[in-house]
Structure formats: structure tokens, C-alpha cells
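*Asks:* The amino acid sequence is not available; the structure is as follows:
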């Protein structure tokens, strides 16, 4: 650490406290003039407009606390742990947030950057079985290197300038990533417009067998036969993680509705709706709930053609149009079976379309991999700058 710097706990720097939530059932506590934040709203340099506001009475009758503009808010619970934002207004917050008040000798923009630099080590201190949380004591006990105020402000200015450039580079890479996906979707939309002569139309159920294990949750084990769930099925491919299993002895008794095989099309019925991939292994697997296995009559419809048909914007739109549910949108099997499917009657034509789509998909994946690499490089550079800043090496 650089000469003249000190090490201080957050609790020594300033007043640090968690918030609270007024009773939801008491109308007089809500829809007032005081902004009230939850940890999920700590997203960015400054706080966004809050979803909720409380009254002075709600503030007085709860553990919520009013912190001044310029305070630093830090999330403590689950996926919001170590999310941060500086208050751009006086506001209160809930019990999942720790607030740090500004002081004359400390620039909280510097503190926020310091916490970002050591975030990985802080996240390792989370505890809990269902949720990995930090508590207020752990927040207060976090130690950060602290130079004099002038040096804090100089470091913040240098980081701001550097991060502005990194933000532009990230936005450019993210735009290119989105463009790669949109280009592929545009290709699919054209390939499956079905405007050419020699195309026929049917309902999905006419030439596709549905194997549906929804509503059944097999007991999971540490080892055994691999279980594929909706968490594994992404758009166009099957992800290995997370790996889950059922007992081998339970397999035949469980798989009474049909057995999946290599090349079958897997379709997620909700959370998310309409992800599509082909089974890419000959190993024995179990298909979990929220997935439907589609086995095409390959004398009429090729499986690879079916996969790209289901991925194409026209069918995706039709499937989502038939989806139901307010919070989680899903589709019932009986509605999915009636979705119209257009296809060339010539199998060689189907095979050629699927091959061209696969080539376009592979091109998209190569571009996405390159742009994700750029995003990772940007994140690594940002973290490197933070590490240098708080080692006193930033000039």
C-alpha cells in the first residue's frame, strides 16, 4: 500500500445502517413523498426512480431510515449482494440494503470503487443455504485502503475518464453481439417464409409425436442417469450445466411415456418459453418437466428442419401469441400441437434449408464468441484498473 494511505473499516468511516419495510397492509405507510428502494433497484452509478414511496408515518413506524443525497447504498442479500448505487436524492431503503452516509473526509465515489475492487473476496463471505447473504456486521467490517481526500478525488477522476472509454467499448461490443443474433433471426425469417412453390402446411401434431413429462419431478441423486431440464435447453443448443441425475433403477419405471433419442427436438414450455434444441447425445438421458420431446415423422419432416422451423421468428411469434400466464408465460401442450408448420414436401429441400440454417447459426456463434471475448477483456481491464488504483499504482 502506498505511503500516507490508511486502512479503515466502513463502520469507522461513517454511519452505516440497514433499512426496513413499513407494513404493506397499512395503506397510510405507502404512496407518500419519500423514495424507498429495494436492493434490486441498485443498478448503476446513481439510483433510478424507485418503484415505491413511503410516507413520513411509514418511516416513523418502521426500521426504514432516511439517508441524505450522496449516501452509498449496498445490497446485502442473494443475487443483489454488493450491488451499489449512490443516492441522487434523499431516500429510504429496505432491510436488504446497507446505507453509508457521506462524510467530509471521505469521497463515497472512491469507497464505491474500492468496494468494486475487492468485491470477489467480499462475495466469498456470504452465508446461507437457500440464499447467500451478507449481514450488516460484515458490511461494517469491510476494510478499504484510504488515502487523503485529495488523492481519493484524483483517483476517482482518473477512473471516471478510463471507465467512460470502457463503457463506450462495451456498448459497441454489445451492439455487435445483438446485431449477430438479429442477422441470424433475419436469415431464419426469410428461410421459413414458405412463399415458394412446393411447400405444404400442417399442424405440429400431424407429423410430430409429443413426449410430455410435465407435471412430474423425478427424485434427484448425486450420480446416475443424466437429467435434462429446461435450465439446460438454450436456443439452438443443450448446455451441460447444471448437471443433475436420477437413479438408474428408477429409469424404466419413470420413462413410461416414451424414450428420447439422438436428434429429438427438445422444446421448453415455460421459463423460458420456446427455447429449442436437438438432443446431441446417444447416452441414456431423462427429460424433466417444462420440456416436451418432439419426435418427427422423418418420412415427412426432418428433425433438423423442425428445429430451425421452431426457432424461426414466424413460429416463435405464433407460439408466444398462444402463451398464457401473467407472471410466467407458458404454453399448454394442446395449444402447441395446433401451431401451423409450413414445410417443403421435398426432403432434400428441407435438408438443404436446415444445412444453410446451421451454417448461419455457426457463423453467429463464432461472432458471438468473439464479441463475448471482447466484453470479458473489457471487464478484466476494468478490474485491473481498480486493482491498480487501490494498490496506489494509478498515475
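*Replies:* Received, thanks. Nothing here was measured: the structure is a model prediction, and the numbers come from that model. Numbering: from 1, shown residues only.

*Asks:* roughly how far is stretch 186-197 from the heart of the chain?
*Replies:* 31 Å (Cα atoms, centre = their mean, to the nearest Å).

*Asks:* Residue 224 and residue 244 touch, don't they?
*Replies:* No: counting by Cβ atoms under 8 Å, residue 224 stays clear of residue 244, with 9.4 Å between them. For glycine as for every other residue, the C-beta is placed from the backbone atoms N, C-alpha and C.

*Asks:* Okay, now the unreliable bits of this structure?
*Replies:* Low-confidence segments of the chain, defined by pLDDT under 70: 1, 194-195, 395.

*Asks:* At the geometric centre of the chain, which residue sits there?
*Replies:* Per Cα atoms, centre = their mean, the C-alpha nearest to the average position across the chain is that of residue 79, at 10.3 Å.

*Asks:* Neighbours of the closest residue to residue 215 other than its chain neighbours, how many?
*Replies:* Closest residue to residue 215 apart from its sequence neighbours, by Cβ to Cβ, 6 or more residues apart in numbering: residue 289 at 6.2 Å. Using other Cβ atoms under 10 Å, residue 289 has 16 other residues around it.

*Asks:* For residue 18, list each beta-bridge partner.
*Replies:* residue 98 (DSSP bridges).

*Asks:* Any idea how many residues pack against it?
*Replies:* Neighbour number of residue 18 under other Cβ under 10 Å is 19.

*Asks:* so it touches residue 77, yeah?
*Replies:* No: counting by Cβ under 8 Å, residue 18 does not reach residue 77; the two are 10.3 Å apart.

*Asks:* hey, what's in contact with both of the two?
*Replies:* Listed as contacting both residue 18 and residue 77 by Cβ atoms under 8 Å, 6 or more residues apart in numbering are residue 96.

*Asks:* And the closest residue to residue 102 other than its chain neighbours, how far from residue 233?
*Replies:* Setting aside the residues directly before and after it, residue 102 is nearest to residue 70 in space (Cβ to Cβ, 6+ apart), at 4.3 Å. Going from residue 70 to residue 233 by Cβ to Cβ, to the nearest Å gives 46 Å.

*Asks:* Neighbour count: those two, which is higher?
*Replies:* residue 233 (23 against 17).

*Asks:* Run through the bridge partners of that one.
*Replies:* Applying DSSP bridges, one finds that residue 233 bridges with residue 238.

*Asks:* got the contact list for it?
*Replies:* 239, 266-268, 275-277, 291.

*Asks:* From those, keep the buried residues only.
*Replies:* 266-268, 275-277, 291 (16 or more other Cβ atoms under 10 Å).

*Asks:* now the helices for the stretch 251-395 of the chain?
*Replies:* 251-254, 303-311, 313-321, 333-336, 347-389 (DSSP state H, counting those that start in this stretch).

*Asks:* what angle sits between the last one and helix 303-311?
*Replies:* Spelled out, it's helix 347-389. 60 degrees (axes from the mean of the first three to the mean of the last three Cα atoms, to 10 degrees).

*Asks:* Just give me the neighbour total for residue 232.
*Replies:* 24.

*Asks:* my guess is it meets residue 275, correct?
*Replies:* No: contact criterion Cβ under 8 Å: residue 232 and residue 275 do not qualify, at 9.6 Å.

*Asks:* got any residues that touch both of these two?
*Replies:* With Cβ under 8 Å, 6+ apart, residue 232 and residue 275 have no common neighbours.

*Asks:* related to what we said a few turns ago, just send the helices of the stretch 251-395 of the chain back as JSON lines, with mean neighbour count and distance to residue 34 too.
*Replies:* Listed next are those as JSON lines, based on neighbours: other Cβ atoms under 10 Å; distance: least, Cβ to Cβ, whole Å:
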{"stretch": "helix 251-254", "mean neighbour count": "12", "distance to residue 34": "54"}
{"stretch": "helix 303-311", "mean neighbour count": "25", "distance to residue 34": "48"}
{"stretch": "helix 313-321", "mean neighbour count": "15", "distance to residue 34": "39"}
{"stretch": "helix 333-336", "mean neighbour count": "15", "distance to residue 34": "46"}
{"stretch": "helix 347-389", "mean neighbour count": "15", "distance to residue 34": "33"}
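
*Asks:* which element is the residue nearest to residue 102 on?
*Replies:* Using DSSP states H and E, residue 70 maps to neither a helix nor a strand.

*Asks:* how near is it to residue 95?
*Replies:* For residue 70, the distance to residue 95 - Cβ to Cβ - is 22 Å.

*Asks:* Then residue 134?
*Replies:* Distance from residue 134 to residue 95, by Cβ to Cβ: 12 Å.

*Asks:* ditto for residue 141
*Replies:* Relative to residue 95, and taking Cβ to Cβ, residue 141 is found at 19 Å.

*Asks:* more crowded one of these two?
*Replies:* Higher neighbour count among residue 141 and residue 95: residue 95, with 17 against 14, using other Cβ under 10 Å.

*Asks:* can you tell me the distance between the two ends of stretch 203-212?
*Replies:* 17 Å (Cα to Cα, to the nearest Å).

*Asks:* How far does that stretch sit from its chain's centre?
*Replies:* Centroid displacement of stretch 203-212 relative to its chain, using Cα atoms, centre = their mean, is 31 Å.
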